[in-house]
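Student: Quick one, fold the following:
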Amino acid sequence: MRILLVEDDASLSSGIRLALKPEHYTVDHLDNGNSALQALKESEPFDAVILDLGLPGLDGLQIIKAVRRQGSQIPILVLTARDGINDRIAGLDAGADDYLVKPFEVEELKARLRALLRRSQGQPDNHLECRGIRLDPLTLSVSYQGNTVALSRREFTLLQEFMGHPGRVFTRDTLTSLVYGWDEDVESNAIEVHIHHLRRKLFPEVIRTLRGIGYVMDKTPPERAR
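Tutor: Numbering: from 1, shown residues only. Sure, this is the predicted structure:
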């Protein structure tokens, strides 16, 4: 899952990125409100936003309001030192989905982020299931028809995106952004290689190629032509 972290405290942002990486999140970081709003307006494919309120440039509340005016329903978790009840009410009323006051425990941040992502996907609990595959973001485990399947971090992230949005068509560029983010160099055929490995480890039809368009994980097996 790809997360946009907007935080101007370099030490805190570095710590959050370090803590989320083992959870198979792709975390992109910005340190000011203007850049954050621009990234969100450009429809970058983020699954959630972790947002500080006291930012250089645009304030976090202004970003939330602008994003909601666009009609975006992206989950937003506010991190802030503003711990007054009125501040929390203002953030939630502006359109934030959750509110975490600094200082906080990293494990609570992870739990709140999991809950936001789960609700945004309409899932009753943390695990995802589709066509005999079960993926658990909490234990970072995958099984197919009851058998454990070992995946690399990139393969897990890619499968989680497909399983979180069955029936959605992803372009290769979108998948590259979701899996790698802004800071990594990517081979031109990286996504194709990961999809090839997923098909080999799970089953060939797990991800369908739409020629010239992208890739999709069907909710049910596609009907075969007679």
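
Student: Any buried residues in the longest helix seen in the chain, and which?
Tutor: For the chain, the longest helix by residue count, based on DSSP state H, is helix 106-120. For helix 106-120, burial by neighbour count (16 or more other CB atoms under 10 Å) applies to L109, K110, R112, L113, R114, L116, L117, R118, S120. To be clear about C-beta, it is placed using only N, CA and C from the backbone, and glycine gets the same treatment.

Student: Out of the residues you listed, which comes closest to D28?
Tutor: D28 lies nearest to L113 out of those, by CB to CB, at 14.5 Å.

Student: I am assuming the closest one contacts I3, so please confirm or correct that.
Tutor: Yes: taking contacts as CB atoms under 8 Å, L113 lies within contact range of I3: 7.4 Å.

Student: need the strands for this protein, in chain order.
Tutor: 2-6, 26-30, 48-52, 76-80, 98-101, 128-130, 133-136, 141-144, 147-148, 169-170, 208-210, 214-216 (DSSP state E).

Student: what residue ranges in the chain are flagged as low confidence?
Tutor: Filtered on pLDDT under 70, the chain yields the residue ranges 43, 123-125, 223-226.

Student: then the longest helix of the chain to PDB, C-alphas only?
Tutor: What follows is helix 106-120, C-alpha atoms only, in PDB (Å, rounded to 0.1, in the frame of the first residue of the first chain):
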ATOM      1  CA  VAL A 106       4.500   3.600  16.600                       C
ATOM      2  CA  GLU A 107       2.400   0.500  17.100                       C
ATOM      3  CA  GLU A 108      -0.700   2.600  17.600                       C
ATOM      4  CA  LEU A 109       0.100   4.500  14.400                       C
ATOM      5  CA  LYS A 110       0.300   1.200  12.600                       C
ATOM      6  CA  ALA A 111      -2.900  -0.100  14.100                       C
ATOM      7  CA  ARG A 112      -4.800   3.100  13.200                       C
ATOM      8  CA  LEU A 113      -3.400   3.000   9.600                       C
ATOM      9  CA  ARG A 114      -4.500  -0.600   9.200                       C
ATOM     10  CA  ALA A 115      -8.000   0.300  10.400                       C
ATOM     11  CA  LEU A 116      -8.300   3.200   8.000                       C
ATOM     12  CA  LEU A 117      -7.200   1.100   5.100                       C
ATOM     13  CA  ARG A 118      -9.500  -1.700   6.100                       C
ATOM     14  CA  ARG A 119     -12.500   0.600   6.300                       C
ATOM     15  CA  SER A 120     -11.700   2.300   3.000                       C
END
